[in-house]
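> Fold the following, please.
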Amino acid sequence: MVEELVGVVAAVGAGALVYVASAARVVKQYERGVVFRLGRLHGDVRRPGFNLVIPAVDRMRKVNLQIVTMPIPAQEGITRDNVTVRVDAVVYFKVVDPSAAVVNVEDYRFAVSQMAQTSLRSIIGKSELDDLLSNREKLNQGLELMIDSPAVEWGVTIDRVEIKDVSLPDTMKRSMARQAEADRERRARLINADAEYQASKKLAQAAHQMADTPSALQLRLLQTVMAVAAEKNSTLVLPIPVELLRFLERGAQTTTEGAGRSQGAGDAETADRARTTDRAEIEERAADPTEQRAVDLTEQAGEAMERLRRAVEQ
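Next up is the predicted model:
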């Protein structure tokens, strides 16, 4: 009798262990359990930890509540300004209502993927190329709203949507490169033109300043020639100043007059009159401040020419 009782207890214990083993369910921290009893949704969502269900009667389905990262395959479309592009994106979403995610939609992952692809095509058709390239933040928000509206009924919320890449045809890339190059060349020409305008204004002011003293232009020329001659790697073609030609002409006239004096007394009188005239002319010029300044400038030009000749010889 005792042996039979022990056997029954052992059998009951073994059956209880089998029952517990078949009825035990462990729900992880990032999961929730949805229980169906005889095909109907039963009770609340099971929390993380150890849970028991009735074998052969209850069926538990676990739902992951972690954020899911789903890439959207590249979609090809035509923008509003008639440009063919390929755009790919990525969707971040998570389940907030496990019961709705299991009951209201067959496969919420597949549903979100198809809705994201359809919405991305719609966004491409409504946008222009410049918006796809530079105004992606606004497009991301619009795409998120388009996907999130039907996903609410599936117990899913869209965390964010990001457009990853926009692929353009090679012809469009070359056209955009030419456009950018032309714009940079336009800006460079405008800058050069403005610089030329400012330089011309300064040169005009310098010309007005030099107009009061014409000899200053020749002195400036001599200074430039001396600066170039210091390099000793150039061939200079130097224009002779007019004052120097006049000085040489006066010297030639004096020499001619000296030679004429040896030919006769008449020529001597002519030479004396010429010297007297030259002396009177020199005295008149010495008395005139303007002429005196011209003589001084001529002497300065002669000295500068002498220094230039020495520099070239060295």
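> Just the pLDDT at the residue nearest to Leu52 when sequence neighbours are not counted, thanks.
Nearest non-adjacent residue to Leu52, counting by Cβ to Cβ, 6 or more residues apart in numbering: Ala23, 4.8 Å away. (Each C-beta comes from the backbone N, C-alpha and C, glycine too.) With respect to pLDDT, Ala23 scores 83.
> next one: phi and psi at Ala23?
Reported as degrees, to the nearest 10, the phi and psi values for Ala23 are phi -90, psi -10.
> got the contact list for it?
The neighbourhood of Ala23, defined by Cβ atoms under 8 Å, 6 or more residues apart in numbering, consists of Leu52, Val53, Ile54, Pro55.
> Run a quick neighbour tally on the third one.
When you say that, I think you mean Ile54. 14 (other Cβ atoms under 10 Å).
> ditto for the second one
Taking other Cβ under 10 Å as the criterion, the count of residues near Val53 is 19.
> Likewise for the first one?
Number of residues near Leu52 (other Cβ under 10 Å) recorded here: 14.
> what separates Val18 from Ala89, distance-wise?
Distance, Val18 to Ala89, using Cβ to Cβ, to the nearest Å: 50 Å.
> and the host helix or strand of Arg32, what's its mean pLDDT?
Assigning secondary structure by DSSP states H and E places Arg32 in strand 31-37. For strand 31-37, the mean per-residue pLDDT is 91.
> Which one's more surrounded, Val18 and Ala89?
A count of neighbours by other Cβ under 10 Å puts Ala89 above the other of Val18 and Ala89, at 25 against 11.
> Am I right that Ile123 is in contact with Glu144?
No. The criterion here is Cβ atoms under 8 Å, and Ile123 misses it with Glu144 at 10.4 Å.
> which stretches of the stretch 201-314 of the chain have low pLDDT?
The model of the stretch 201-314 of the chain has pLDDT under 70 over residues 214-215, 217, 228-302, 304-305, 307-314.
> buried ones in stretch 4-19?
Neighbour counts over stretch 4-19 (16 or more other Cβ atoms under 10 Å) mark no residue as buried.
> And for stretch 93-112?
The neighbour-count check on stretch 93-112 (16+ other Cβ under 10 Å) flags Phe93, Val95, Asp97, Pro98, Ser99, Ala100, Ala101, Val102, Val105, Tyr108, Ala111, Val112 as buried.
> what sits against the nearest residue to the third one once chain neighbours are set aside?
Okay, so that is Asp97. The shortest distance from Asp97 to any non-neighbouring residue, by Cβ to Cβ, 6+ apart, is to Gly155 (3.2 Å). Gly155 makes contacts with Val95, Val96, Asp97, Pro98, Ser99, Ala100, Ala101, Asn104, Tyr108, as judged by Cβ under 8 Å, 6+ apart.
> switch to 6 Å and redo it
Listed by Cβ atoms under 6 Å, 6 or more residues apart in numbering, the contact partners of Gly155 are Val95, Asp97, Ala100, Ala101.
> ok so the third one is a helix residue?
Yes. Applying DSSP: H, G, I helix; E, B strand; the rest coil, one finds Ala100 inside a helix.
> and the spatially most central residue of the chain, how far is that from Ile191?
Central residue of the chain (Cα atoms, centre = their mean): Ala180, 10.2 Å from the mean position. As judged by Cβ to Cβ, Ala180 and Ile191 stand 17 Å apart.
> sorry, back to before: from the contacts of Ala23, which ones fall inside strands?
Members of the contacts of Ala23 lying in strands (criterion: DSSP state E): Leu52.
> With respect to Val12, which of the contacts of Ala23 is nearest?
Using Cβ to Cβ, Pro55 comes nearest to Val12 of these, at 16.3 Å.
> Next up, phi/psi of that closest one, please.
According to degrees, to the nearest 10, Pro55 has phi -60, psi 140.
> oh, and call the first residue 25 from now on, that's how I've got it
New numbering, starting at 25: the last item is Pro79.
> residues contacting it?
Here Pro79 is in contact with Ser46, Ala47 (criterion: Cβ under 6 Å, 6+ apart).
> pLDDT wise, what is it at?
On pLDDT, Pro79 comes in at 84.
> With Pro95 instead?
Per-residue confidence (pLDDT) for Pro95: 92.
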